[in-house]
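Q: Quick one, structure for this:
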Amino acid sequence: MKRILLFFIFPLTLHAQKNYPASLDNYMNAAVSVNQFSGSVLIAKHDNIIYQKTFGTIDYANTKPLDSNSMFELGNITELFTATAILMLKDEGKLKLTDPITKYLSELPYHNVTIQHLLTHTSGLPDYYDEVMKDKWNTTKVATNADMINELSKAKVPLAWKPGTKYDEYHYYTEYPLLAAIIEKVSGLSYEEFMQEKIFTPVHLNHTKVFSELQVDKKNHPNHTESVYFDESKQQFFPGEHYSGLPSNYLNATQAVVGGVGISSTADDLFLLSRALKKYTLLLASTQQEMIAPHALKDTINKMFFGYGMLTGKNEFDNYTQQRDDGNNITLGYITTLINYPKEDFTIIVLANKAKSSSNIAGVLSYILFDREVVTPYRHKEISIDTSLLDKYVGEYVLPRVTKVYKKEGTLWVTIQGEPDLKLLPESPSKFFSSDKEYDWQLEFMTDNNGKIVKTYFIFSGLKKEVKKL
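A: Now for the predicted structure:
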């Protein structure tokens with residue numbers, strides 16, 4: 001699955017805007033019409049919800065419209081719940097973040113890995129599927145967290161690096177299931193029982209449950225959404241359950257393992273959880289501040305760090321925290337985002353069961369609310385232009401990665417580090433759009449009366465950013 005750029009998730013400064021709901025609704029209606037977005041959106045300032053709406057249907061067959069009680073798989077946002085549970089146990093004096101994980105999971109051979117290393121994804125532990133269970137797990141049995149730990153202990157795969165020294169996105173999925181197991185060991189409750197008794201019930205999260213993917217039986221949970229994924233090669237949407245691009249044992253080895261994923265919820269319930277954390281209902285104030293502190297560097301370009309169960313950082317004007325899942329192989333088709341701006345006490349929640357993986361709905365809504373320029377989705381149409389015009393557009397630009405724009409096959413191409421080269425098609429002599437429908441990328445050149453370029457804009461999923469030519 002392609003990785004996607006998240007350069008412009010974060011707006012710069014909050015300005016007054018006269019009619020938030022109308023501007024937000026204008027964008028969302030376009031996202032539904034052009035990109036077939038289906039999901040739930042909630043935006044709040046302090047305790048006040050200033051925009052909330054659902055779009056689309058629960059299922060691929062479009063048999064039932066979504067409503068505010070429709071449940072979505074949260075994917076990696078589950079980590080926020082798991083981290084909160086660990087920190088609650090810390091506040092109760094039942095564990096320390098400096099404790100080695102072998103204090104609670106003695107069968108594992110990783111004595112220098114601590115709970116904090118798990119929280120910050122810096123443990124160096126092997127990926128439990130790719131490096132331990134792939135091609136080895138019995139396809140007739142669904143693996144649990146206990147099975148995963150047992151396989152990990154038997155395999156004795158060495159650490160990829162000294163714990164606490166680095167992060168790697170390909171060594172990501174083992175840590176939070178281990179935290180779920182530690183929660184069970186320390187509390188004497190199952191992960192599901194702890195979440196229900198200690199978090200869901202006290203915070204009144206009435207539409208939040210621990211479900212492994214294989215437990216989401218639509219007959220028993222008719223208001224749980226079904227995932228619809230976008231197939232890049234075929235350029236169309238399909239039911240998530242029809243995806244066949246995984247090894248035969250992948251689902252049985254992964255889809256009942258919880259802690260990093262496994263919780264389903266609604267936008268309303270996520271907002272209640274966000275408020276409970278903000279008001280120190282679940283955690284001590286000092287612990288809450290520790291949770292959002294920058295503990296481990298994830299992205300040097302965007303200065304993004306791991307907190308505990310979230311990403312955190314500071315852009316030019318403001319601090320932020322973020323949880324996001326772009327629809328990995330387990331949560332295929334679900335794209336979920338929770339962004340908080342602690343200083344302004346501002347919350348943006350987007351839960352989608354049908355969206356292109358490159359879409360950045362929450363980022364665009366942030367731009368609208370922070371009075372930044374946004375381009376609403378529309379259908380692009382290629383035209384013929386004088387190809388000699390392209391020569392003046394060729395060069396290197398900063399957005400913020402250095403990006404090369406070059407001419408090939410009578411049109412422009414763009415090279416961005418870490419991404420495949422992307423062909424751009426002209427919709428005017430000075431504006432170009434991505435030939436790949438998965439990516440709504442646009443490049444626009446503003447010229448004066450003499451044809452000289454005076455400004456260049458890069459537009460990514462509706463976020464318009466001026467860029468400089470080197």
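Q: so who does His46 touch?
A: The contact partners of His46, by CB atoms under 8 Å, 6 or more residues apart in numbering, come to Asp345. To be clear about C-beta, it is placed using only N, CA and C from the backbone, and glycine gets the same treatment.
Q: Find the residue ranges of the stretch 301-450 of the chain scoring beneath the pLDDT cut-off.
A: Counting by pLDDT under 70, the stretch 301-450 of the chain contains low-confidence ranges at 315-317, 328-330, 357-358, 400, 438.
Q: Show me where it has its strands.
A: 304-306, 311-314, 319-325, 335-341, 346-354, 395-398, 402-408, 411-416, 422-428, 431-434, 441-447 (DSSP state E, counting those that start in this stretch).
Q: Need the contact partners of the first one.
A: In this structure, residues lying in contact with strand 304-306 by CB under 8 Å, 6+ apart are 119-122, 167, 294-298, 311-313.
Q: From the recorded domain assignment, give the ranges for this structure.
A: Domain ranges of the chain: 20-99+101-369, 387-469, per automatic domain parsing.
Q: Let me have those in CSV, extended by distance to Tyr378.
A: Below are those laid out as CSV (distance: least, CB to CB, whole Å):
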stretch, distance to Tyr378
domain 20-99+101-369, 6
domain 387-469, 10
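Q: for those domains, which one ends up most surrounded?
A: Neighbour counts (mean count of other CB atoms under 10 Å) averaged over each of the domains of the chain peak at domain 20-99+101-369, with a mean of 19.
Q: Kindly list the longest helix within the protein.
A: What stands out as the longest helix in the chain, according to DSSP state H, is helix 20-35.
Q: What's the first helix or strand after it?
A: On the C-terminal side of helix 20-35, the closest following helix or strand by DSSP states H and E is strand 38-45.
Q: Which secondary structure elements does that following strand sit against?
A: Applying 3 or more CB pairs under 8 Å, 6 or more residues apart in numbering; DSSP states H and E, one finds that strand 38-45 makes contact with helix 20-35, strand 48-55, helix 267-278, strand 346-354, helix 361-369.
Q: I'd like these laid out as a markdown table, including distance to Lys392.
A: A markdown table is the format used below for those (distance: least, CB to CB, whole Å):
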| stretch | distance to Lys392 |
| --- | --- |
| helix 20-35 | 30 |
| strand 48-55 | 41 |
| helix 267-278 | 46 |
| strand 346-354 | 38 |
| helix 361-369 | 29 |
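Q: Go through these and name the closest to Phe432.
A: Closest to Phe432 of these is helix 20-35 (CB to CB; 17.9 Å).
Q: any idea of the mean pLDDT for that closest one?
A: Averaged across helix 20-35, the pLDDT comes to 91.
Q: circling back: which of the strands of the stretch 301-450 of the chain sits closest to Pro100?
A: strand 304-306 (19.5 Å).
Q: So in that sheet, which strands flank the closest one, and in what orientation?
A: With DSSP bridges as the test, strand 304-306 is paired with strand 296-299 (antiparallel), strand 311-314 (antiparallel).
Q: Strands of the stretch 101-250 of the chain, start to end?
A: For the stretch 101-250 of the chain, applying DSSP E, counting those that start in this stretch gives strands covering 209-210, 228-231, 236-239.
Q: out of the ones you listed, which comes closest to Met71?
A: Of all these, strand 209-210 sits nearest to Met71, with 7.2 Å by CB to CB.
Q: Take the strands of the stretch 301-450 of the chain and write them to a markdown table, including distance to Ser106.
A: As requested, these are exported to a markdown table (distance: least, CB to CB, whole Å):
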| stretch | distance to Ser106 |
| --- | --- |
| strand 304-306 | 26 |
| strand 311-314 | 32 |
| strand 319-325 | 31 |
| strand 335-341 | 35 |
| strand 346-354 | 38 |
| strand 395-398 | 51 |
| strand 402-408 | 49 |
| strand 411-416 | 46 |
| strand 422-428 | 50 |
| strand 431-434 | 52 |
| strand 441-447 | 50 |
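Q: on that earlier part again, I'd like to know which of the domains of the chain lies nearest to Lys381.
A: Lys381 lies closest, by CB to CB, to one member of the domains of the chain: domain 387-469, at 6.0 Å.
Q: start to end distance for that closest one?
A: Domain 387-469 has an end-to-end distance of 20 Å (criterion: CA to CA, to the nearest Å).
Q: try stretch 309-321
A: 10 Å.
Q: Residues in contact with it: which ones?
A: Residues outside stretch 309-321 that contact it (CB under 8 Å, 6+ apart): 10, 12-14, 79-84, 119, 291-294, 298, 302-307, 322-324, 339-344.
Q: which residues are in contact with stretch 373-384?
A: When contacts are defined by CB under 8 Å, 6+ apart, stretch 373-384 is touched by residues 26-27, 30-31, 33-35, 364, 367-368, 425-428, 433, 440, 442, 459, 462-464.
Q: Repeat that for stretch 251-258.
A: Outside stretch 251-258, the residues touching it (CB under 8 Å, 6+ apart) are 78, 128-129, 133-134, 137-145, 148, 177, 180, 191-192, 210, 212-215, 329-330.
Q: Leaving out the residues flanking it, which one is nearest to Val414?
A: For Val414, ignoring the flanking residues on the chain, the nearest one in space by CB to CB, 6 or more residues apart in numbering is Leu422 at 5.0 Å.
Q: who touches that neighbour in this structure?
A: 413-416, 434-436, 439, 441.
Q: ok, back up a step: run through who's touching the longest helix of the chain.
A: Outside helix 20-35, the residues within contact range by CB under 8 Å, 6+ apart are 17, 37-38, 41, 43, 50-51, 53, 55-56, 355-356, 359, 361, 364-365, 368-369, 374, 376-379, 440, 462.
Q: Could you measure from Trp175 over to Pro429?
A: Residue 175: Glu, not Trp. Note on Glu175: its distance to Pro429, by CB to CB, to the nearest Å, is 51 Å.
Q: ignore the last one, Asp135
A: Taking CB to CB, one finds Asp135 at 54 Å from Pro429.
Q: what does Leu74 give?
A: In terms of CB to CB, Leu74 sits 45 Å off from Pro429.
Q: again with Lys314
A: Counting by CB to CB, the gap from Lys314 to Pro429 is 40 Å.
Q: Then Ser227?
A: 41 Å.
Q: Over to His46?
A: His46 is 47 Å from Pro429, by CB to CB.
Q: same check, this time on Ser274
A: For Ser274, the distance to Pro429 equals 46 Å [CB to CB].
Q: Over to Asp67?
A: Separation of Asp67 from Pro429 (CB to CB): 46 Å.
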